[in-house]
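all I have is the shape, not the residue letters:
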DNA sequence: GTGAAAGCGCTAACAC
DNA sequence: GTGTTAGCGCTTTCAC
């Protein structure tokens, strides 16, 4: 009987037909997938763990691009994709324990995330995308340091040295405010930490004291956050000539706030983002493009490529600096620093 | 031991701690979720079946909105969301059989979809969103007939009577071409069929012979499809004053094609869409807005509301006509029909 | 508070 | 080509 469902080639088509028909007549709904999974030790699905609320994943274009790539990889392999309901607020790790999956993809979570810890305890393969960087686990990501350093060089060449920064959440606690150097250094989100450190290094190279640079953090990743954060930076130091945002979403909000203040971009204020989402492209935003779809696909492939591997594999994808219409030379400062 | 994991209150914290620690030391990775599911008869997840490739779902803003709403509902209930890898090309129904879920949400599939049939055979609750309309199954959707009739009236009031139509796929077979009346009538996608029929009725009311109206179909739901379909209609009948598209994505493509031909919108050509996605809003598209997020949420709630119900429940959400900047009076025809 | 045992529904292995 | 059986790992029940 099992054969009729699972091994059509092992018996005659006629018999198979008869068995199946009889089964149906008896009201047999087909093999129970859960029981089958228990027996075969295969769930036929990949679990996805996200930093954010499940629903958020569909609101951030970069996350959607990642999901698309991951879905592509799963589809190719005939695997399902299980979105694990692990909200950052709820510390409830049970959802991770209950997930019937053959492996996990973890997308951009803090290094102290309890859900991540729960995932790593499960005896299934895991691939991390972006963060955290774990020695023992496969990882797909970009070179954040070199990517943002390229952006910093672009701004430095334009003549900016009085800058402000808007970044995404640095820890699991909410801090919608300025960020101390200590908090920057100890951020639990490796990506943000690296970007800030690389910016500090780059601007230190042209004599900027990083301690004087206003850095503002936002917990929620929305354009509204970008607006209010930009306002906070500009209120603190109206003299800044460039506002570096660590995501396009934040940068788009910053553009809105600049417009509200009558600041022309880029004449009065340069604004930059990170990610290269379609909306940023339409807005002509200066940003760093990263291959979000490729990241998802690579993560999925890594997980599903069951090739036994000794040491954990690391995939680093390329990024590209997009010099858009939102960056230009600062009005006055350029004269002082790179005068004729 | 089971109690230590599942019923923390049934034993002393001290004992619980000891048990758990011993378990860990022995390398016990925690209860197997699949075995637990088999025993408890609960998978803790909802399956989602889509018309399209899994990855496509992330490219259509309307689908993304639906997913967001569904994810929201699942999250609230602590349920996972399993994306079932059922591509329309592959007739492989196995993925449906293998899905370890407590119920299915089916999003906009043709009435003869084999995956749908497989879902309905499984002994779990199911909710259909949009299509098909099944007597015995819960459904969330809109009133397509009245929605598109409102749009038709808008165009008729403006004075349009020479129109063309671009619609989405009408069956599982690819037909990137004009659509016969017979094909319109027998379309396996209830939503498209209803919209076309309602348009036919509305325009028949002002003396338009529907058989003379060029209707073009596209299998792929992309702006590129909208472009080429608009071109096909305009090549056939350059005299049309309005192009009705059954989705915003198609309409946005049509706008591109109109621009390419030097047709001013709406002076030379009126273009309308359907859905009310953000991009349409930005483009000022005349369209019908439907609450995509609400649809997803309603579908999820319906499925997870385990209230025993006798007859299948039907949820019909409201739509809104958005009169944008892409619809206006036709140049010449308006003089003839509604002249001063 | 603890231990033993039945059984969820299936598949794989083996004997016929 | 067919029938039987063990056991996947868990939870629940019941006896202690």
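That came in fine, so what should we check first? Worth saying up front: this structure is predicted, and the values here are computed from it rather than measured.

residue A:130 is in contact with residue A:105, isn't it?
No. At 11.0 Å, residue A:130 does not count as touching residue A:105 under the criterion of CB atoms under 8 Å. All C-beta spots, glycine's among them, are computed from the backbone N, C-alpha and C.

show the contacting residues for residue A:316.
For residue A:316, the contact set (CB atoms under 8 Å, 6 or more residues apart in numbering or on different chains) comprises A:141-143.

any idea how far residue B:33 is from whatever residue of the stretch 101-250 of chain A ends up closest to DNA strand D?
DNA strand D sits closest to residue A:123 of the stretch 101-250 of chain A, with a gap of 9.5 Å, by CB to the nearest atom of the strand. From residue A:123 across to residue B:33, the span is 11 Å (CB to CB, to the nearest Å).

who's more crowded, these two?
Using other CB atoms under 10 Å in any protein chain shown as the criterion, residue A:123 and residue B:33 rank with residue B:33 on top: 24 against 9.

which ones are touching the more buried one?
For residue B:33, the contacting residues are A:97-100, B:44, by CB under 8 Å, 6+ apart.

buried subset of those as a ChimeraX selection?
Provided next is the ChimeraX selection string for whichever of the contacts of residue B:33 are buried by 16 or more other CB atoms under 10 Å in any protein chain shown:
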select /A:97,98,99,100 /B:44
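
of all the contacts of residue B:33, which comes closest to DNA strand C?
Of all the contacts of residue B:33, residue A:100 has the smallest distance to DNA strand C: 13.3 Å, by CB to the nearest atom of the strand.

gap between the closest one and residue A:47?
Taken as CB to CB, the span from residue A:100 to residue A:47 is 8 Å.

any residues in contact with both of these two?
Counting by CB under 8 Å, 6+ apart, the shared contacts of residue A:100 and residue A:47 are residue A:82.

give me the element residue A:139 is part of.
Applying DSSP states H and E as the criterion places residue A:139 in strand A:138-142.

could you give the separation of that strand from the chain centroid?
Offset of strand A:138-142 from its chain centre (CA atoms, centre = their mean, to the nearest Å): 11 Å.

what's the pLDDT at the closest residue to residue A:151 other than its chain neighbours?
Distances taken as CB to CB, 6 or more residues apart in numbering or on different chains place residue A:288 nearest to residue A:151, at 5.6 Å, with adjacent residues excluded. Residue A:288 is assigned 98 on the pLDDT scale.

wait, a helix at residue A:288?
No. Using DSSP: H, G, I helix; E, B strand; the rest coil, the secondary structure at residue A:288 is strand, not a helix.

was I right to think residue A:69 contacts residue A:290?
No. Residue A:69 is beyond contact range of residue A:290, at 11.8 Å (criterion: CB under 8 Å).

nearest the geometric middle of chain A, what residue?
For chain A, the residue sitting closest to the mean C-alpha position, by CA atoms, centre = their mean, is residue A:108 at 5.0 Å.

now do the contacts for the closest residue to it other than its chain neighbours.
Using CB to CB, 6+ apart and skipping residues adjacent in sequence, the residue nearest residue A:108 is residue A:130, 4.2 Å away. Neighbour list for residue A:130: A:107-108, A:140-142, A:190-191, A:295 [criterion: CB under 8 Å, 6+ apart].

what segments of the stretch 101-250 of chain A are helices?
For the stretch 101-250 of chain A, applying DSSP state H, counting those that start in this stretch gives helices covering A:114-121, A:144-158, A:181-185, A:190-204, A:223-236, A:248-260.

in the sheet, who's paired with the nearest residue to residue A:178 once chain neighbours are set aside?
Distances taken as CB to CB, 6+ apart put residue A:216 closest to residue A:178, at 5.7 Å, once the chain neighbours are dropped. Beta-bridge pairing of residue A:216 under DSSP bridges involves residue A:166, residue A:178.

hmm, residue A:216 is touching residue A:168, no?
No. The pair residue A:216 / residue A:168 is not scored as a contact, 10.7 Å apart, by CB under 8 Å.

circling back to that earlier point, mind putting the helices of the stretch 101-250 of chain A in JSON lines, distance to DNA strand C and mean neighbour count included?
Below are the helices of the stretch 101-250 of chain A laid out as JSON lines (distance: least, CB to the nearest atom of the strand, whole Å; neighbours: other CB atoms under 10 Å in any protein chain shown):
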{"stretch": "helix A:114-121", "distance to DNA strand C": "23", "mean neighbour count": "19"}
{"stretch": "helix A:144-158", "distance to DNA strand C": "44", "mean neighbour count": "19"}
{"stretch": "helix A:181-185", "distance to DNA strand C": "43", "mean neighbour count": "14"}
{"stretch": "helix A:190-204", "distance to DNA strand C": "41", "mean neighbour count": "20"}
{"stretch": "helix A:223-236", "distance to DNA strand C": "47", "mean neighbour count": "20"}
{"stretch": "helix A:248-260", "distance to DNA strand C": "45", "mean neighbour count": "24"}
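
tabulate these (JSON lines), appending mean pLDDT.
Converted to JSON lines, these look like this (pLDDT from 0 to 100):
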{"stretch": "helix A:114-121", "mean pLDDT": "94"}
{"stretch": "helix A:144-158", "mean pLDDT": "98"}
{"stretch": "helix A:181-185", "mean pLDDT": "98"}
{"stretch": "helix A:190-204", "mean pLDDT": "98"}
{"stretch": "helix A:223-236", "mean pLDDT": "98"}
{"stretch": "helix A:248-260", "mean pLDDT": "98"}
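
now for those, which one comes closest to residue A:24?
Nearest to residue A:24 among the helices of the stretch 101-250 of chain A is helix A:114-121 (39.8 Å), distances taken as CB to CB.

which strands or helices does the closest one pack on?
Helices and strands touching helix A:114-121, by 3 or more CB pairs under 8 Å, 6 or more residues apart in numbering or on different chains; DSSP states H and E, are strand A:45-50, helix A:94-98, strand A:104-107.

which outside residues touch the shortest one?
Strand A:104-107 has contacts (CB under 8 Å, 6+ apart) with A:46-51, A:63, A:66, A:70, A:84, A:116, A:119, A:122, A:124-130, A:299-300, A:303.
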